[in-house]
Structures are given as C-alpha cells and as structure tokens.
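Visitor: Sequence first, predicted coordinates after that:
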Amino acid sequence: MDQGRKTKECHPDWYYPVQGMRALVLGTFPPHSAKWDYKFYYPNSQNRFWQVMAKIANTELSLNKGLQAVEERKRLMTQLKVGVQNIGKTILRDGVSSADNDIEIIESQDILGIINENDSLQSILLTGYSGKTSTYRSFVKYLTKNQVPHSPLPEKVRAGCEFTIQFKRPITCIIGNSTSRAARRVTCESLLKQFKSAIIRS
C-alpha cells in the first residue's frame, strides 16, 4: 500500500449492549464514512448483513436512512439476542477502500470485555476469512495477543469451520463469509445458513 494514502480512523462509539446476548457477530471495520447510509454497524444499506438478520427474525426492514434505521436495527438485535461489534478500534485505511486488504488494524476493540460482561454468550460468528486483515485472521491475532486458549484452528479455512475458545467458559467460534455484495459468489441462502448456525444454536 502507498504509505502516503493511508488515513488513520477511529471506530465510532456504536456498541449496543444487548440484554441476554447469546451470539456475537464480529466484523473487521466499517466502510469509509462516504459510504454510510446511517451511523451504525454495516452502515451501507447495500450490504446484506441486516437483510440476513431480518430473515432470521422473520421480519422485513423498512428503513435505510438516519436515526430511525439505527433504532430499527437495535430492535432486531434485541429480538434475536445478538450483539454486533467490529474488531478494529483504530485503523489505517488505504484511500477510501472497504477491502480488508486495504485496512491495517493498529488497535483492537475489547472483545474479551464483551464476553466477560455477557454470561449468556455462547457463540461468535466471524464474518470473513480470506483477506490478510479479515475478521477471522484479525480475531486469531487478538486471541494470541491476549493469550486466550483455543482448540486447534482449521487447517483449511472455509465457511462453516468452527473452533472453540476458552475464556472462563467454552465459546464456539464459527467462520463465515463476508456479507458484502462484493462477495458475489456467496448467496444470501449461504449467509442465512451461516448466521443461523451461530444464532439459532445459542
């Protein structure tokens, strides 16, 4: 990456504590603010994340702009008892790219704090595994840095693989695909199956 084009960004304070959280969905970092439709996780309405969440809840989203869209998504999280967070707290971004390969995480969110505060949490879904700063790779680095024990990682990483971390209790970590529409080969049906494996089991 061109060092001169890198811009430092800090994650907005979007974390929403869900009472009785059973599953946590992790991403890498939001897209550039120029691509936001609202100020919350997965802020580009073209991303399929909230569409998949709504299908699991057997409902439809009616809002894609502004504060009311945020409140609608918080209600969805509360209904499903699913938390959402990104691993990156502070990053360097190459231009305005949303690609994981163009993002360097220099400070991580307190994911262990979320686990510690939610005794009901049973599973973590990692959305993306192919890029060098993908959610899966970034999470594994985070676990290593914080000396969190885990079961053997999959030799060949692909969607549907699982491993277990041990932080006061065992928590199942499920590797999934990115919900970005840039991942055109990944169907909504595949994403729905991956999300259900984390949310319904919990």
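Guide: Nice, thanks for sending it over.

Visitor: contacts, neighbours, all on C-alpha from now
Guide: Noted.

Visitor: in the helix or strand containing residue 197, what counts as buried?
Guide: Element membership for residue 197, per DSSP states H and E: helix 188-199. For helix 188-199, burial by neighbour count (16 or more other Cα atoms under 10 Å) applies to 188, 190-199.

Visitor: go on, stretch 106-124?
Guide: Using 16+ other Cα under 10 Å as the test for burial, stretch 106-124 gives 108, 111, 114-115, 118, 121-124.

Visitor: Those in strands, which ones?
Guide: Using DSSP state E, the members of those that fall in strands are 108, 123-124.

Visitor: what ranges do the strands span in this protein?
Guide: All strands of the chain, identified by DSSP E, fall at 6-10, 23-27, 82-86, 88-94, 103-108, 123-127, 162-166, 170-176.

Visitor: ok so, going back, possible to save the buried residues of helix 188-199 as TSV with pLDDT and distance to residue 170?
Guide: Below are the buried residues of helix 188-199 laid out as TSV (pLDDT from 0 to 100; distance: Cα to Cα, whole Å):
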residue	pLDDT	distance to residue 170
188	93	29
190	94	26
191	96	24
192	95	24
193	94	22
194	95	20
195	96	19
196	94	19
197	91	16
198	93	14
199	93	16
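
Visitor: Now distance to residue 7 too, for the residues you listed, in TSV please.
Guide: Output for the buried residues of helix 188-199, formatted as TSV (distance: Cα to Cα, whole Å):
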residue	distance to residue 7
188	32
190	34
191	31
192	34
193	36
194	33
195	32
196	36
197	36
198	34
199	35
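
Visitor: list the helices and strands the longest helix along the chain packs on?
Guide: When the chain is parsed with DSSP state H, its longest helix is helix 66-80. Judged by 3 or more Cα pairs under 8 Å, 6 or more residues apart in numbering; DSSP states H and E, helix 66-80 is in contact with helix 49-56.

Visitor: CA atoms only for the helix it packs on, dumped as CSV, please.
Guide: Output of helix 49-56 as CSV, limited to C-alpha atoms (Å, rounded to 0.1, in the frame of the first residue of the first chain):
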residue,chain,number,x,y,z
PHE,A,49,-25.9,-8.1,6.8
TRP,A,50,-29.2,-6.7,8.1
GLN,A,51,-31.2,-8.3,5.4
VAL,A,52,-30.0,-11.7,6.6
MET,A,53,-30.7,-10.8,10.2
ALA,A,54,-34.2,-9.7,9.3
LYS,A,55,-34.9,-13.0,7.6
ILE,A,56,-33.9,-14.9,10.7
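
Visitor: quick check, distance from that helix to the centre of its chain.
Guide: Mean-position distance between helix 49-56 and its chain equals 13 Å (Cα atoms, centre = their mean, to the nearest Å).

Visitor: can you pull the buried residues of it?
Guide: Quick answer for helix 49-56 (16+ other Cα under 10 Å): 49-54, 56.

Visitor: for that helix, packing partners?
Guide: Packing partners of helix 49-56 (3+ Cα pairs under 8 Å, 6+ apart): helix 66-80, helix 188-199.

Visitor: Next, the angle helix 66-80 makes with it.
Guide: Counting by axes from the mean of the first three to the mean of the last three Cα atoms, to 10 degrees, helix 49-56 lies at 40 degrees to helix 66-80.
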